[in-house]
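S.K.: Pasting the sequence and the predicted model now:
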Amino acid sequence: MAYERVTPPTNGDKITMNPDGSIIVPDHPIIPRIAGDGIGPDITRATERVLAAAVSKVYGTKKSLVWFDVYAGDASVKHYGENVWLPDDTIEAVKEFKVAIKGPLSTPVGGGIRSINVALRQILDLYACVRPVRWFNGVPSPVKEPQKLDVVIFRENTEDIYKGIEYKEGSEKAHKLINYLKSEFGADIAMDSGIGIKPMSVTGSKRLVRMAIEYALEKKRRSVTLVHKGNIMKFTEGAFRDWGYEVARDEFRDKVVLESELEQFGGKVPAGKLLINDRIADAMFQQLLLRPDEYDVIATPNLNGDYLSDACAAQVGGLGLAPGANIGRPYAMFEATHGTAPKYADKDMINPGSLLLSAVMMLDHLGWDECGKLIISSLEKTIEAKTVTYDLERQMTGATKVSTSQFATHIIEKINAA
Ligand code: NAP
């Protein structure tokens with residue numbers, strides 16, 4: 001592969017694919033890395049140090065992560081020139097090496113690109129946004145029993161109202177469409193409406209639900225809940241629910257039980273089976289607050305998933321410790337869920353937890369779960385010891401405020417002592 005302005009490292013190897021789409025990970029995989037804008041470089045440095053310590057503790061010199069720095073956002077404009085927010089080099093690097101990590105990117109104001117994050121998801125067809133949400137002991141939370149929430153949200157990433165098919169109120173296209181819908185279908189739409197289109201396909205919905213069920217089976221989770229607004233939007237949201245059940249029945253019949261079938265088992269999930277149920281989105285928001293421990297893996301369309309992910313993150317203490325990944329087949333990108341927080345850029349202040357926990361998801365994806373577990377337990381010990389960054393310190397009593405790099409050092413000390 002010829003790159004224009006970046007050079008891949010020569011001391012690592014490529015991740016390759018099995019014919020079934022699973023990945024083959026060498027001992028020293030090359031991982032493209034976009035440090036990101038604003039606080040991105042601070043949290044990337046801290047994350048790199050913690051990962052190196054954990055990998056070395058678990059594998060010695062047998063395995064390592066080999067970073068390949070590529071560019072997007074402001075750093076790309078500096079490296080490649082005006083208006084180059086997302087260079088081909090970066091896309092090609094992810095395609096060649098398959099698994100990448102990314103800090104937050106500022107959204108360009110004006111210019112030819114709406115959002116770099118959305119462009120990356122679309123170009124690489126990263127169709128599932130995966131957000132595990134759980135509480136870490138000691139983290140301040142607005143609810144009484146934050147430990148009861150432990151869910152993994154699979155949010156469809158490419159369709160729905162976020163597809164970007166929108167026409168401005170008063171525009172020629174909006175008027176044409178309104179007139180067409182009125183005359184052809186008898187639709188009742190005010191002429192001064194803006195129009196947004198909400199496409200949801202069998203293919204897009206099924207592949208998302210399939211990934212959620214595969215994940216739940218592999219990780220031995222208890223249930224997959226399809227969250228939708230099908231009572232109102234029958235042919236999009238309602239269809240998502242129906243297609244989700246179809247995937248469960250047609251492809252995983254011997255491994256799952258549907259909620260509607262529970263009666264024949266005395267209302268209980270038979271041992272070893274994964275429960276598939278569904279909930280209407282508004283009821284689900286209530287359920288996750290009132291009975292969070294009844295839910296486990298969630299599969300949902302784009303807009304519901306957007307709201308639900310942040311609401312769940314708030315319940316366990318906010319975005320500072322909320323990881324995320326955008327995953328397709330074969331590519332996957334692990335990334336912080338917060339933005340660039342420009343006022344803290346280069347101040348060595350911010351909480352690196354979101355990117356670090358996203359990196360833990362990446363280690364799981366690579367099959368290096370042991371390293372991920374070690375990082376999580378060391379992070380937990382650091383929070384329990386109340387040595388935390390400003391965002392957590394200001395909400396805790398008796399805590400010591402540490403910088404981003406010191407926070408990483410505390411975690412590394414716990415890794416080394418494990
Ligand atoms: P933001 O960067 O997420 O920051 C908003 C506030 O959230 C910060 O001021 C800070 O609050 C808190 N915060 C964010 N990250 C934190 C962390 N790691 N640790 C502790 N606190 C954290 O949101 P924004 O200011 O709306 O957006 C700034 C830029 O980021 C925009 O250009 C936006 O488009 C972009 N963005 C990018 C992504 C992405 O790349 N995935 C996502 C969202 C936004 P306090 O000041 O109260 O401490």
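M.R.: Here it is on my side, so go on. Residues are numbered from 1 along each chain as shown.

S.K.: Pull up the residues of the stretch 51-200 of the chain that are close to the ligand.
M.R.: 104-107, 117 (C-beta under 6 Å from any ligand atom). Backbone N, C-alpha and C define where each C-beta goes, glycine included.

S.K.: could you redo the last one with a cut-off of 5 Å?
M.R.: Counting by C-beta under 5 Å from any ligand atom, the stretch 51-200 of the chain comes close to the ligand at 104-107.

S.K.: Would you mind giving those residues as TSV with pLDDT and secondary structure added?
M.R.: Formatted as TSV, these follow (pLDDT from 0 to 100; DSSP: H, G, I helix; E, B strand; the rest coil):
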residue	pLDDT	secondary structure
104	95	coil
105	94	coil
106	88	coil
107	80	coil
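
S.K.: of the residues you listed, buried ones?
M.R.: Buried members of those, scored by 16 or more other C-beta atoms under 10 Å, are 104-107.

S.K.: ok, of the residues of the stretch 51-200 of the chain next to the ligand, which one's closest to residue 90?
M.R.: Taking C-beta to C-beta as the measure, residue 90 lies nearest residue 105 of those, at 10.9 Å.

S.K.: ok, that closest one touching residue 77?
M.R.: No. Look at residue 105 against residue 77 with C-beta atoms under 8 Å: they stay out of range, at 11.1 Å.

S.K.: Name the residues contacting each of those two.
M.R.: Overlap of the contact sets of residue 105 and residue 77 (by C-beta atoms under 8 Å, 6 or more residues apart in numbering) is empty.

S.K.: Strands of the stretch 251-400 of the chain, start to end?
M.R.: With strands called from DSSP state E, counting those that start in this stretch, the stretch 251-400 of the chain shows them at 256-258, 274-280, 297-300, 323-327, 332-336, 387-388, 400-401.

S.K.: Of those strands, which stretch is the most buried?
M.R.: Comparing the strands of the stretch 251-400 of the chain by mean neighbour count (mean count of other C-beta atoms under 10 Å), strand 297-300 ranks first with a mean of 28.

S.K.: Name the residues that touch that one?
M.R.: With contacts defined as C-beta under 8 Å, 6+ apart, strand 297-300 is touched by 151-156, 208-209, 212-213, 215-216, 221, 223-228, 240, 244, 281, 284, 305, 308.

S.K.: Which among these count as buried?
M.R.: 151-156, 208-209, 212-213, 215-216, 221, 223-228, 240, 244, 281, 284, 305, 308.

S.K.: Now the residue in the stretch 251-400 of the chain that the ligand sits nearest to: closest residue in space that isn't a chain neighbour?
M.R.: With C-beta to the nearest ligand atom, the shortest gap between the stretch 251-400 of the chain and the ligand falls at residue 339, namely 2.5 Å. Spatial nearest neighbour of residue 339, excluding adjacent residues (C-beta to C-beta, 6 or more residues apart in numbering): residue 104 at 4.9 Å.

S.K.: How about the contacts made by the one you found?
M.R.: 36-40, 335-336, 338-341.

S.K.: can you give me the helices for the stretch 101-250 of the chain?
M.R.: For the stretch 101-250 of the chain, the helices defined by DSSP state H, counting those that start in this stretch cover 116-123, 172-185, 202-218, 237-251.

S.K.: Quick check: most distant residue from the centroid of the protein.
M.R.: The outermost residue of the chain, judged against the average C-alpha position, is residue 183 (42.1 Å), by C-alpha atoms, centre = their mean.
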